[in-house]
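Q: dropping the sequence and predicted coords here.
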Amino acid sequence: PPVVHPCVSYVRQYISTGSGGDNLDRVDSVFIWTDIGLKAKFSLIIISASYRTDIPAFYGDWFIARLEAGYCHTVNPYNQQIYPIRLDREAVSGFVFWTKNLHPFYPKLQLVRDRGFPFVVQFTINGYPRELVTAVIDAERAIGHMRDLASDFGSRVGVWRYDPVVATTMTPPDWHVDNF
């Protein structure tokens, strides 16, 4: 291997499993090399679950079933290719859950923690008027969930997102300043 002093290089290894081409043993790792050789290797996959679909609000049972199975499949949005993703502790460093309603998934967070996975929750709380957003829980309830999250899992687990910022006659810029 090349000697880089000091350097962190991101490499993707593909290990053939001989299991019909599923390639479930794909491992993404970081190697730290020094002038005297390999210093450390560790996993660097952080699973974003999910920016495109609110898995905590709508697909929590599916997520836990996939976690128990140790893998899932995903579709590449650019070329529509389906590929497997390992979901075991050896391959995954942690999860980022994106949601606008944590309540349905809340009991499942302990299952994720019990399996040894660190996680953060990107929790979108805007407090928009019901005339603009009807399918999201109200801000007070969401803030309560955020407080519970901090109490039960630590103050650094919850990340408040105020996104998207929508300027309308009901929500002009000054409204956002006051609301935020």
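A: Nice, I can see it.

Q: please count neighbours and contacts with C-alpha atoms only from this point.
A: Fine.

Q: all helices for this protein, in order.
A: In the chain, the helices defined using DSSP state H lie at 55-58, 60-69, 106-114, 139-153, 173-179.

Q: what sits up against the longest one?
A: Put plainly, it is helix 139-153. 100, 101, 102, 103, 123, 125, 126, 127, 155, 156, 157, 158 (CA atoms under 8 Å, 6 or more residues apart in numbering).

Q: rerun at 10 Å
A: Helix 139-153 has contacts (CA atoms under 10 Å, 6 or more residues apart in numbering) with 100-103, 106, 109-110, 113, 118-121, 123-129, 136, 154-160.

Q: residues contacting the most centrally placed residue in the chain?
A: Centroid-nearest residue in the chain: residue 96, 2.0 Å away (criterion: CA atoms, centre = their mean). Neighbouring residues of residue 96 by CA under 10 Å, 6+ apart: 46-51, 118-122, 157-159.

Q: cool, and residue 50?
A: 56, 95, 96, 97, 98, 99, 122.

Q: which residues touch the fourth one?
A: Pointing back at residue 97 there. Residue 97 neighbours (CA under 10 Å, 6+ apart): 47-51, 54-56, 105, 109, 119-123, 158-159.

Q: related to what we said a few turns ago, just the buried members of the contacts of helix 139-153?
A: 100-103, 106, 109, 118-121, 123-128, 157-159 (16 or more other CA atoms under 10 Å).

Q: still on that earlier bit, ok, what's across the strand from the residue nearest to the centre of the chain?
A: Here residue 96 sits in beta bridges with residue 48, residue 120, going by DSSP bridges.

Q: let's see the pLDDT reported for it.
A: For residue 96, the pLDDT comes out at 91.

Q: ok, it to residue 142 distance?
A: 18 Å (CA to CA, to the nearest Å).
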